[in-house]
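Asker: below is the sequence, then the predicted model.
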Amino acid sequence: MPHTNPRYAATPPPASGQDHRRVVVVGGGLVGLTLALDLARHGVSVTLLDEEDSVATGSRAICFAKRTLEIYGRLGLGDRLLAKGVTWKTGRVFHQDRQAYAFDLLPEEGHRYPAFINIQQYHVEAWLVEACAEAGVDLRWRHAVTGLASDAAGATLTVATPGGDYTLRADWLLACDGARSFIRRSLGLPFQGQVFQDRFLIADVVIRDAVAFPAERWFWFDPPFHPGQSVLLHKQPDDLWRIDFQLGAQAEPEAELQPDRVRARVAAMLGPAVPFDLEWVSLYTFRCRRLDRFVQDRVIFAGDAAHQVSPFGARGGNGGVQDADNLAWKLAAILRGEAGPALLDSYEAERIAAAEENILHSTRATDFISPKSDAARAYRDAVLELAEGHAFARALVNSGRLSRPALLAASPLNAPDDGHWPGGAAPGSPAPDAPVLRDGTPDWLLRHLGGDFALLVFDAVWTPVPGLRAIFVTAEETPGALWDHAGLAAARFGAPPGGAVLIRPDQHIAARFAAPRPGAVLAALARALGQVEHAA
């Protein structure tokens, strides 16, 4: 049976016709729901508006990267993703009828989450809705924003509902309303970047009988079943397969979406003996662009409302979830009075840099997948021919550089190393996970990080700092400490004995101390909150 999305009851408008909320999220998609849940976990009262009454139609963003899985682990959804999703780490690139090469995205053992999990976006959104409701988020379905007036102190929204219109005043407005953002258009904010003309077809295909494709990412350049173009294949749960067909700039959208035309393309790929059903079909073009600013007074943009990239590389949904991860703790700190609005400058600095990286990789992938000249095509085909037997050429193949976590090396919140630190994950990096034992029970390091600032101490002794949680990681079994029995935690952080690492609420590294002193730690904490740096 085809998947059926849940339907949520339309929320009645306020009886007075007016309302005032501290934080309003517009958009109940992947990013808006993640941001609302994260804020609620930080104790912030959140209202979320969505013009629809359900979750995403079609599988949409299906490739959830390791960093995104770690974020959802912090928010309490990691186990559901692991249980339902299709785990993979191997990719294969084919040229015509031959394999050019294969790659392993996570060859090292000792990680709780895999390189990627494939799962339909509608499953994740439905789980997020459940989690938001349990966390107390005010979810308002079929509340469409039809008007907006923004000022330095907030925004006033006109909201249309089946029960009538009302006016909603928001102290903070978080725009997560997607690529066609009404909030962005209302403020007259243009994107900068490129829109590519090549068209691609997505087909979600149900194949219940056994097929030869494993749970891997397969990408073909110029295959015999779709000559002159490219094809991408991914496995999803529930006997569902995602197939992306490159169609070219001259493809006629209405004709290509006809079921008979789509079925003919899929049959040419699978072979005539493989029965299948179509569950969802869509067309898209590549867009590689972003807003100049993500923060406009009290209006803050995240996800596709702020930046857009091509699907190849799985950078869109994963990048949007990282936006939410970055923004939630900062806004929560401001609302609690622990930081000033200037902390949001770091949201722009960090997430614009991440968006630029994603756009760069996405643009390069687009140029490789869709050569714009005969010379560019000849170069690409030569690289693919060489990749089969020469390692140097494989680095030049670009079927979409797959999503990696943003390394916030230039963040204004990072403190320079205090003393000599021999290597490992640097300030701005997400904290690496590692297996540990706690009082003899197997555990994972990242389960103890996130949600608040914490000091990771690679020792059993530390002078307490008021208001800062300490987590002890030891080389020998010590009661109450996390025993780094495999040595992977110290190795991945590059931590010397007695060293310490300041971890932000989003699990990114803020500072490292070879010989930590309370004054230096407090100075780094103040810097990570966007405050004036204290003297050590």
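Answerer: The structure has been received and is ready for your questions.

Asker: residues contacting the residue nearest the centre of the chain?
Answerer: Geometric centre of the chain, nearest residue: residue 318, 1.9 Å, by C-alpha atoms, centre = their mean. By C-beta atoms under 8 Å, 6 or more residues apart in numbering, the contact list for residue 318 reads 61, 63-65, 67-68, 403. Backbone N, C-alpha and C define where each C-beta goes, glycine included.

Asker: what about residue 414, how many residues close to it?
Answerer: 25 (other C-beta atoms under 10 Å).

Asker: any figure for the gap between it and residue 339?
Answerer: Per C-beta to C-beta, to the nearest Å, residue 414 is found 16 Å from residue 339.

Asker: same check on residue 485?
Answerer: The spacing between residue 485 and residue 339, counted by C-beta to C-beta, is 37 Å.

Asker: settle it for me: which of those two has more neighbours?
Answerer: More crowded of residue 485 and residue 339, by other C-beta under 10 Å: residue 339, with 21 against 16.

Asker: which element, helix or strand, includes the nearest residue to residue 417 once chain neighbours are set aside?
Answerer: Setting aside the residues directly before and after it, residue 417 is nearest to residue 512 in space (C-beta to C-beta, 6 or more residues apart in numbering), at 5.0 Å. Of the helices and strands defined by DSSP states H and E, residue 512 is found in strand 509-513.

Asker: for the stretch 301-450 of the chain, which segments are assigned as helices?
Answerer: Assigned by DSSP state H, counting those that start in this stretch, the stretch 301-450 of the chain shows helices spanning 316-335, 344-369, 374-387, 391-394.

Asker: pLDDT weak spots in this structure?
Answerer: Scanning the chain for pLDDT under 70 picks out 1, 532-536.

Asker: how about the helices in it?
Answerer: Counting by DSSP state H, the segments of the chain that form helices are 30-41, 66-74, 78-84, 121-134, 182-186, 253-256, 259-270, 316-335, 344-369, 374-387, 391-394, 488-493, 518-528.

Asker: so which residues make contact with stretch 211-226?
Answerer: 63, 86-88, 90-97, 100, 116, 118, 228-235, 241, 245-246, 265, 268-270, 274, 369, 380-381, 384, 399-400, 402.

Asker: can you list the buried residues in that stretch?
Answerer: Neighbour counts using 16 or more other C-beta atoms under 10 Å place 217-223, 226 of stretch 211-226 among the buried residues.

Asker: run the chain-centre distance for that stretch.
Answerer: 25 Å (C-alpha atoms, centre = their mean, to the nearest Å).

Asker: mind saving the C-alpha coords of it as CSV?
Answerer: Coordinates of each C-alpha in stretch 211-226 appear next as CSV, following Å, rounded to 0.1, in the frame of the first residue of the first chain:
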residue,chain,number,x,y,z
VAL,A,211,16.8,-6.8,-6.9
ALA,A,212,20.5,-6.8,-7.3
PHE,A,213,21.1,-3.3,-6.0
PRO,A,214,22.6,-3.2,-2.4
ALA,A,215,22.1,-0.5,0.2
GLU,A,216,24.7,1.8,-1.4
ARG,A,217,24.7,5.0,-3.4
TRP,A,218,25.1,4.2,-7.1
PHE,A,219,25.7,7.0,-9.6
TRP,A,220,25.9,6.4,-13.4
PHE,A,221,27.4,8.8,-16.0
ASP,A,222,26.1,8.0,-19.5
PRO,A,223,24.6,4.6,-18.7
PRO,A,224,23.3,2.3,-21.5
PHE,A,225,19.7,2.6,-20.2
HIS,A,226,19.8,6.4,-20.1
